[in-house]
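Peer 1: whatever this is, show me its structure:
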Amino acid sequence: MANEEHLAQLRKGVRAWNGWREKHPEITPDLLGADLTRAYLHKADLHRAQLGMHLRGARLYRARLAQAHLRGTYLHGADLTGAHLRGTYLHGAQLVQANLRGADLTGADLQVAALTEADFTLANLAGADFAAARLGWTTFGDVNPG
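Peer 2: Purely as a prediction, here's the structure:
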């Protein structure tokens with residue numbers, strides 16, 4: 001269950017959320033289980049956050065998700081263009097039809113993730129772990145493999 005205080009802060013909007021994160025860098029945001037379907041989180045600071053389960057169609061472009069925990073999160077059709085996902089835990093995540101163009105996935109754990117029809121064009125995949133990931137029709141154009 002998500003921390004209600006953290007969820008209330010996020011519902012105030014990205015600017016307010018990022019200000020709150022700046023004032024409280026010691027807090028690990030707990031948004032686990034929150035339904036953020038189609039949420040507008042452009043440039044949101046979600047590093048080290050515990051996220052999931054529903055982020056279907058969320059707009060997370062240029063969001064800071066480094067070291068976030070997204071195990072098994074449903075990100076079908078999410079826009080993660082240019083997102084910072086360094087060291088992010090995406091084990092078993094559902095990224096079907098997700099846009100990850102230009103995203104930084106350095107050291108990300110994508111084991112067992114569903115990546116069918118995802119777009120990784122121009123993404124940095126150095127050290128990313130795709131073991132047992134489902135990659136049908138996935139685009140890897142001009143990626144940086146490390």
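Peer 1: show me what whichever helix in the chain runs longest is in contact with.
Peer 2: Determined from DSSP state H, the single longest helix within the chain is helix 14-23. Helix 14-23 has contacts (Cβ atoms under 8 Å, 6 or more residues apart in numbering) with Q9, L10, K12, I27, P29, Y40, L41, H42, K43, A44, D45. No exception for glycine: its C-beta is placed from N, CA and C like everyone else's.
Peer 1: in stretch 70-83, what counts as buried?
Peer 2: 70-71, 73-83 (16 or more other Cβ atoms under 10 Å).
Peer 1: list the contacts of the least confident helix or strand in the chain by mean pLDDT.
Peer 2: None of the helices or strands of the chain scores lower by mean pLDDT, DSSP states H and E than strand 53-54, at a mean of 88. Strand 53-54 has contacts (Cβ under 8 Å, 6+ apart) with L32, G33, A34, D35, L36, T37, G72, T73, Y74.
Peer 1: pick the one among those residues closest to L51.
Peer 2: Nearest to L51 among these: T73, at 6.0 Å, using Cβ to Cβ.
Peer 1: once you drop chain neighbours, what's closest to that closest one?
Peer 2: G52 (3.8 Å; Cβ to Cβ, 6 or more residues apart in numbering).
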